[in-house]
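Asks: Generate a structure from the sequence data that follows.
(one chain, ligands or ions: 1)
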Amino acid sequence: MEYHKPVLLKECIDGLNINPEGIYVDVTFGGGGHSKEILKHLTTGKLYAFDQDEEAVKNKINDERFVLIKQNFKYLKNFLKMYNALPIDGLLADLGVSSHQFDEGGRGFSIRFDAKLDMRMDVNTKLTAADILNTYSEEDLKRIFKMYGEVDNSGRLAYAIYHSRKEKQIETVNDLKAAIGKCVKRGRENQYYAQVFQALRIEVNKELDALQDLLLQSLDVLKEGGRLVVISYHSLEDRLVKNIMRSGKFEGEVEKDFYGNQITPFKQITRKPITPGDEENAENSRARSAKLRIAEKK
Ligand SMILES: C[S@@+](CC[C@H](N)C(=O)[O-])C[C@H]1O[C@@H](n2cnc3c(N)ncnc32)[C@H](O)[C@@H]1O
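Replies: Residues are numbered from 1 along each chain as shown. All right, here's what the predicted structure looks like:
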């Protein structure tokens, strides 16, 4: 089975506006689909890639212009400094999990397979989805399901988990389904479980914290005219990307100088996000929620 089909491939490459001699970073290497295409556009340039998943690292590309770093991208700046790679000409992030991670039944990312509720992208970290379900307070469970999954009845869901785990710990996908089955609206099962799983995955991998770290560091590592290209897959991610590209901050108004001119670190190349066309959506179900935003460092 294909490891992962790259989403919005041409649009990302166009967005990076590649200088064949430049230095590029793909912070979400996965199956390497985007990385391989970037390499095709380089002559003497270099590509650094990050992925925190041991499985992804097995897809390493043999090319002397390529370096793969098995690390969380929240350490971007330190590692690029270590490799003497700063400043860079462009950064690509294709967030979330790969199809391979979903399809690998044993890791607990997907509702389709009964497995231990793990969901760690980096197996060297400690917290698993089962730990969250069995140890978080009812209040914290409610918060993560509401915030990260936009689950309507997050209070009822948290209550069901909290009470069910007193009888029996929730260790597997089927344990979780049994514990929360009553909270699910008929006919909406798949969507509901997808929201629950998304929330757990975001919390396990601290995905929004890592994204914020990455976006702030992108300001330091990109050279003037360098491109930031990000594909996100849900509204919480997209909001962070949109705000940083618009104002250089995650919240609040755009700052202005004495004359009323906006002071922003990026020029937005996309005002509205680019989304896949019907053809790509038909071929690749993972493309459906993708939103691509591009900005240029001033
Ligand atoms: C959507 S996939 C990328 C697919 C890739 N663009 C391709 O064409 O094959 C996301 C990848 O990023 C990795 N990832 C997600 N968050 C990460 C983080 N904070 N640090 C490092 N890698 C991360 C995941 O392990 C996964 O392999």
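Asks: alpha carbons only for contacts and neighbour counts from here, please
Replies: Noted.
Asks: Run through who's touching the host helix or strand of Phe102.
Replies: Assigned by DSSP states H and E, Phe102 belongs to helix 99-103. Helix 99-103 has contacts (C-alpha atoms under 8 Å, 6 or more residues apart in numbering) with 2-5, 107, 109-110, 286.
Asks: Which of these has the largest number of neighbours?
Replies: The most neighbours of any of the contacts of helix 99-103, using other C-alpha atoms under 10 Å, belong to Phe109, which has 28 neighbours.
Asks: Now do the contacts for that residue.
Replies: Counted by C-alpha under 8 Å, 6+ apart, Phe109 has contacts 101-102, 117-119, 197, 201.
Asks: any idea how far Ala199 is from it?
Replies: Phe109 is 11 Å from Ala199, where distance means C-alpha to C-alpha, to the nearest Å.
Asks: Tell me if Ile294 really is in a helix.
Replies: No. Going by DSSP: H, G, I helix; E, B strand; the rest coil, the assignment for Ile294 is strand, not a helix.
Asks: Need the pLDDT of the residue nearest to it when sequence neighbours are not counted.
Replies: Leaving aside its sequence neighbours, Ile294 sits nearest to Val229 (C-alpha to C-alpha, 6 or more residues apart in numbering; 4.6 Å). pLDDT, Val229: 98.
Asks: so Val229 sits right up against Leu292, yeah?
Replies: Yes. Counting by C-alpha atoms under 8 Å, Val229 touches Leu292, with 7.1 Å between them.
Asks: Can you check which residues contact both of those two?
Replies: Shared contacts of Val229 and Leu292, counting by C-alpha under 8 Å, 6+ apart, come down to Cys12.
Asks: quick one on the thing from earlier: quickly check: the helix holding Phe102 near the ligand or not.
Replies: No. Shown here: helix 99-103 not in contact with the ligand (C-alpha under 6 Å from any ligand atom), separated by at least 7.3 Å.
Asks: Not counting its neighbours along the chain, what's nearest the residue nearest the centre of the chain?
Replies: Centroid-nearest residue in the chain, with C-alpha atoms, centre = their mean: Leu95, separated by 2.5 Å. Nearest non-adjacent residue to Leu95, counting by C-alpha to C-alpha, 6+ apart: Ser232, 5.5 Å away.
Asks: Show me what that neighbour bridges to in the sheet.
Replies: When assigned by DSSP bridges, Ser232 has beta-bridge partners Lys291.
Asks: contacting residues for it?
Replies: For Ser232, counting by C-alpha under 8 Å, 6+ apart, the contacting residues are 94-96, 238, 290-292.
Asks: Flag whichever of those residues scores worst on pLDDT.
Replies: Among those, pLDDT bottoms out at Gly96, giving 92.
Asks: shouldn't that residue be in contact with His234?
Replies: No. Between Gly96 and His234 no contact is recorded; they are 9.2 Å apart, counting by C-alpha under 8 Å.
Asks: For those two, indicate the residue with more neighbours.
Replies: Gly96 (20 against 16).
Asks: could you say which helix or strand contains that one?
Replies: Counting by DSSP H and E, Gly96 is part of no helix or strand.
Asks: ok, the residue nearest to the centre of the chain - contacts?
Replies: Contacts of Leu95 (C-alpha under 8 Å, 6+ apart): 28, 230-233.
Asks: can the helix or strand hosting the residue nearest to Ile294 be found next to the ligand?
Replies: If you go by DSSP H and E, Val229 is part of strand 222-232. No. Using C-alpha under 6 Å from any ligand atom, strand 222-232 never reaches the ligand; the gap is at least 8.6 Å.
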